[in-house]
Every structure is written in structure tokens, then in C-alpha cells.
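Enquirer: I need the structure of the sequence given here:
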Amino acid sequence: MALFNSDARRLAGSPAVLFRRDPGNALADLVRRYDPASRMAGDRVIFGNGVLLHGPVQITPDLERKAKLPTGMAAAYYTGIGAATNRRPGTKVWEDGDRLVRGLAARLGGTVREQQRPLSLNLEVTVYSAVPLETERVIAALQPYVDTGELFADQNARQPDSYALTTEEPPPFFVVYWPPRLSRHRLGLPPPALGGRVGREPCRWLLATDYSVADAPPDVRRKVAEAALALAGSSDGIVIDAYGFPVDQPEDLLSH
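Expert: Predicted structure coming up:
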């Protein structure tokens, strides 16, 4: 990835991830997983969700002082908002940029530069698929990972064809389903990591917990990951984590 130019003001005011050593090719590989259709344009990478990624920025003593960065860091990457935001509000693109740098930090051992209003993320994953499974098959795929009773569907009266899965006792994770037509909504467009592999209007199942990404116990992480991968296997779907990266194995979620 080419060396980009930046300045202290933009680095200090944007979602950013800092490294003691530039991860180089490892980061470039993750960028392609985040968006297989991403492209270089001058001094930045452009993603399909409107996020721009600038970096690596070499951290000099002068930049460290001006941007008020923690000591010992060698390289930084920061995000911005592209001119074309795919019909999405700028605030949503900004949040995606924040998620991106947090995902890079989680996988590569980086440090996130906290913003004035840090993004609050709970442990969750989403299964995207071109195949809207019957509810009974969804329950059959997920039930082995729920030990709080039999799963049952609670229909959403406000959104026809959507539903939630729950048990009588609070389950380790809750499930919400949205039909394909909601993929057209600009606030909930599919992530670029899908790369068109499940069509332009996939259905989706959210598996979410009440734990923050930082505080979720390892056993809960594994249970959520294994359940999502089982559902993806049944629906020929793809699992995406809270940061926007694909989950191919439980360890992808355990490292967060």
C-alpha cells in the first residue's frame, strides 16, 4: 500500500488506528476482505460504502506532539468520507469508518484513537443470504447453540415478514430477521464485504448480545460465532461481524 500524505489536524479529528509497527501486507489483505471491490485513488483507498482509508502515515515526533498521539507508535491509518456515499447519510459513513479502524485494530493488534463520542458496539454478527429460509429451518440450525429452552418466532407487526427468535428464559443471543426488500433502505444497505455474492437484495439474520465487543466472554463469542456459521451453512450465506468483516471461523470472533 502506497505511502499517503496527511497532517496532524486530519489525523487528530478522524477515526484512526495506530500501530507500533506498520502491518503492511497484513492490513492490505484485510482491506480486500472488507471490500473486494475497493480501489486505490491517489493517496487513499475508496470503499463501496463511501468510506475512505488514508495511510500509512509515518508518525514522527512532531506529528505525535501536534496530533497528541500516544508515544511509541510508528504508523497510523485514518478514515474519511468520500464524495459519493451511495445515498447514505454522512453520519452513517463516518460510523462505518469508525468500525473499520476498530476492526483493523482488533485483528492486527492496533490502538484506536478515541473520538469525542466513541462508537458503542455490542457483540453481534449478521448472516446475509440470498435464500430466505423457512423459520423452522432457521430454528433447527440455531437451537443446538441455545440452552435456555425451545426457540420460537415472535412476528413483527410493524415490519411484515420480519420476526425475532427468543426463548422463555433470556437466551445467550437474540435473533432478528429482515426480508430482502429492506436491503434497499439506505440506512441498512448490505456491507461491501459481501462483494455481490448473495445478490443485491439479501435477507439477513442479526445475532446479537447485550455484551459490548470488548467485554463479551469467550464462551459467548464462540457460541455466537458457531451459531451464525451454522445458519450460514444452512442458507448458503455469509457471516459479517460488527465491524463489517467476514467471519469464516469462530476464531475470527474470538480475537475481537
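Enquirer: pretty sure G80 sits in a strand.
Expert: Yes. Assigned with DSSP: H, G, I helix; E, B strand; the rest coil, G80 falls within a strand.
Enquirer: so what's it bridging to?
Expert: L52 (DSSP bridges).
Enquirer: OK, contacts around it?
Expert: 10, 14, 44, 51-52, 54, 97 (Cβ atoms under 8 Å, 6 or more residues apart in numbering). In this view, the C-beta of every residue, glycine as well, is placed from N, C-alpha and C.
Enquirer: could you list the low-pLDDT ranges of the stretch 51-200 of the chain?
Expert: Scanning the stretch 51-200 of the chain for pLDDT under 70 picks out 84-87, 114-118, 157, 186-187.
Enquirer: go again with 90.
Expert: Along the stretch 51-200 of the chain, segments meeting pLDDT under 90 span 62, 65-69, 82-92, 113-121, 131, 155-161, 181-189, 196, 199-200.
Enquirer: can you give me the helices in it?
Expert: 61-66, 90-108, 135-142 (DSSP state H, counting those that start in this stretch).
Enquirer: in the shortest one, which residues are buried?
Expert: By neighbour count with 16 or more other Cβ atoms under 10 Å, helix 61-66 contains the buried residues 63-64.
Enquirer: so what touches that helix?
Expert: Outside helix 61-66, the residues that reach it (Cβ under 8 Å, 6+ apart) are 8, 11-12, 57, 69, 71, 73.
Enquirer: so W94 makes contact with G50?
Expert: No. W94 is beyond contact range of G50, at 9.3 Å (criterion: Cβ atoms under 8 Å).
Enquirer: tell me which residues touch N156, please.
Expert: So N156 contacts 162-164 (Cβ under 8 Å, 6+ apart).
Enquirer: so of these, which ones are in strands?
Expert: 163-164 (DSSP state E).
Enquirer: just the buried members of the contacts of N156?
Expert: Judged by 16+ other Cβ under 10 Å, buried ones among these: 162-163.
Enquirer: can you state the direction angle for the lengthiest strand in the chain and helix 135-142?
Expert: What stands out as the longest strand in the chain, according to DSSP E, is strand 203-212. Interaxial angle of strand 203-212 relative to helix 135-142 (axes from the mean of the first three to the mean of the last three Cα atoms, to 10 degrees): 40 degrees.
Enquirer: so after strand 203-212, what's the next helix or strand?
Expert: helix 218-235 (DSSP states H and E).
Enquirer: so the residue nearest to V112 when sequence neighbours are not counted versus R21, what's the distance?
Expert: Spatial nearest neighbour of V112, excluding adjacent residues (Cβ to Cβ, 6 or more residues apart in numbering): A105 at 4.9 Å. Taking Cβ to Cβ, to the nearest Å as the measure, A105 falls 14 Å from R21.
Enquirer: sweet, I'm off.
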